[in-house]
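Engineer: sequence and computational prediction follow.
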Amino acid sequence: MKLLKYLFFLILILIIGGSIYLATLNGSYDIKQTKTIKAPIEVVFNEINDYKNWQHWGPWLEMDSTIVATYPEITSGVNASYSWTGKEGGGSMKTISLIPNKEIIQQIDFGTGSTPEVYWNLKKVDDGTEVTWGMRGKNTFTEKAYWLTQGGIEKNIKPMYIRGLDLLDNYITKEMDKHSIVSKGIVDYGGGYYLYLTTSCKITDLEKKVEPMFSEIMKYMEENNLQSSGKPFTINHKWDEENNTAMFSTCIPVSERIITTGNVLTGFLKPQKTFKTVFTGNYKYNTEAWETAFKNLYAQNLKEIVNAEPFEVYLVSPHDTPNPSKWITEIYIPIQ
């Protein structure tokens, strides 16, 4: 009996001592991980901001394939939320504040009594977007005991953030690289007046030339209170891949003939029969798009007009969205 009594007191002392030890532990934590993703900050922000997107790169799905997410009507922006269940239990998350393209603050609830903050900080850098993903809060007494047996909260949470940022990077990179090329066949292009600038350059320097030229035309239009009547386009006057040279014009449509002064001139694109191809994606696939357009033209036994000037219309451009997978370019090849 005395032995049992001593054992009881020993266990009681251990419990009391352990409780005192846990109570004195600092329960506050701030766990975070940073990674640079080669993508525009707007693209990264939009991906993180919508909870429905998390299913594509959430690291917890690798750990528990039984997780089932439930989404309410609002899944992005302030007050957006979602919940989940899995073999390890369930939880919910809600967005409590955000600064577009800079910061998102969320509150997560695992049903353990505390509701830590999950935060995202985004910063534009030369290589893309610096993304910091973290969680901060204060453990309850029960949570302190649990994490003590698991080797600490940071040891368990940080690897998940490292993996999650890698998965996010891979997913965004693949999504931005998506592109498609679809030939629509013969169309009658209506033509019309346009303001333009013309230049010659190396084909490899063409992309550097286009943006400043469009900017100069738009500045002229603003200064003279002129309105565009359609989407911007470029006309290919000469294209010599062997010598790496090109002559082209950047053009913005207007509704009538404008008497211009200075470098900006007025042109007229005559109505003509063309072979149309729609290219969706990053401009780095532009050469592939043109090659496909001509290949499909020949496959239909059509002939382009010799010395004609093909052109491409920028239906959706970087000015409309920073996501290159959303850019839409229409290619028109004049045919006989």
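Structural biologist: All right, it came through fine. Numbering: from 1, shown residues only.
Engineer: double-check that Ser255 belongs to a helix.
Structural biologist: No: secondary structure of Ser255 (DSSP: H, G, I helix; E, B strand; the rest coil): coil, not part of a helix.
Engineer: ok, Val78 - contacts?
Structural biologist: By CB atoms under 8 Å, 6 or more residues apart in numbering, the contact set of Val78 is Thr95, Ile96, Ser97, Leu98. Quick note: C-beta positions are derived from backbone N, CA and C, even for glycine.
Engineer: residues in contact with the second one?
Structural biologist: Residues in contact with Ile96 (CB under 8 Å, 6+ apart) are Val78, Ile105, Gln106, Gln107, Glu117.
Engineer: if you rank the contacts of Val78 by neighbours, which is first?
Structural biologist: Thr95 (22 neighbours; other CB atoms under 10 Å).
Engineer: count of neighbours near Met63?
Structural biologist: 13.
Engineer: try Ser229
Structural biologist: Neighbour tally, Ser229, other CB under 10 Å: 13.
Engineer: then the one 5 residues further on?
Structural biologist: Each residue near Thr234 was counted by other CB under 10 Å, and the total is 20.
Engineer: you'd agree Ser81 is up against Gly91?
Structural biologist: No: taking contacts as CB atoms under 8 Å, Ser81 lies outside contact range of Gly91: 11.1 Å.
Engineer: about what we covered before: counting neighbours, which of the contacts of Ile96 comes out on top?
Structural biologist: Gln106 (20 neighbours).
Engineer: what helix or strand is that one on?
Structural biologist: Secondary structure from DSSP states H and E places Gln106 in strand 103-109.
Engineer: and that strand, how far from the chain's centre?
Structural biologist: The chain centre lies 20 Å from the centre of strand 103-109; the measure is CA atoms, centre = their mean, to the nearest Å.
Engineer: show me what that strand is packed up against.
Structural biologist: helix 41-49, strand 89-99, strand 117-125 (3 or more CB pairs under 8 Å, 6 or more residues apart in numbering; DSSP states H and E).
Engineer: which of the ones you listed sits closest to Phe248?
Structural biologist: The closest of these to Phe248 is helix 41-49. By CB to CB, the value is 28.6 Å.
Engineer: and that closest one, how far from the chain's centre?
Structural biologist: Computed by CA atoms, centre = their mean, the chain-centroid distance of helix 41-49 equals 6 Å.
Engineer: need the next SSE after that helix, C-terminal direction.
Structural biologist: Helix 41-49 is succeeded, C-terminally, by helix 60-63 (DSSP H and E).
Engineer: for that next one, name the packing helices and strands.
Structural biologist: Going by 3+ CB pairs under 8 Å, 6+ apart, helix 60-63 lies up against helix 153-176.
Engineer: so who does the residue nearest to the spatial centre of the chain touch?
Structural biologist: The geometric centre of the chain, computed from its C-alpha atoms, lies nearest to Val43 (CA atoms, centre = their mean), at 2.5 Å. Neighbour list for Val43: Thr129, Ile172, Met176, Pro322, Asn323 [criterion: CB under 8 Å, 6+ apart].
Engineer: give me that answer again for 7 Å
Structural biologist: Ile172, Met176, Pro322, Asn323 (CB atoms under 7 Å, 6 or more residues apart in numbering).
Engineer: return the member of these nearest to Cys201.
Structural biologist: Distances from Cys201 to the contacts of Val43, taken by CB to CB, are shortest for Pro322, at 25.3 Å.
Engineer: distance of the nearest residue to that closest one once chain neighbours are set aside relative to Asn323?
Structural biologist: Spatial nearest neighbour of Pro322, excluding adjacent residues (CB to CB, 6 or more residues apart in numbering): Pro40 at 3.7 Å. Counting by CB to CB, to the nearest Å, the gap between Pro40 and Asn323 amounts to 7 Å.
Engineer: next one: Asp240
Structural biologist: In terms of CB to CB, Asp240 sits 33 Å off from Asn323.
Engineer: these two: who's more crowded?
Structural biologist: Using other CB under 10 Å as the criterion, Asp240 and Asn323 rank with Asn323 on top: 20 against 10.
Engineer: that one and Met176 touch, don't they?
Structural biologist: Yes: taking CB atoms under 7 Å as the definition, Asn323 is a contact partner of Met176 at 6.3 Å.
Engineer: which parts of this structure are helices?
Structural biologist: 2-24, 41-49, 60-63, 141-149, 153-176, 206-223, 286-299 (DSSP state H).
Engineer: would you indicate which residues of the shortest one are buried?
Structural biologist: Okay, so that is helix 60-63. By neighbour count with 16 or more other CB atoms under 10 Å, helix 60-63 contains the buried residues Leu61.
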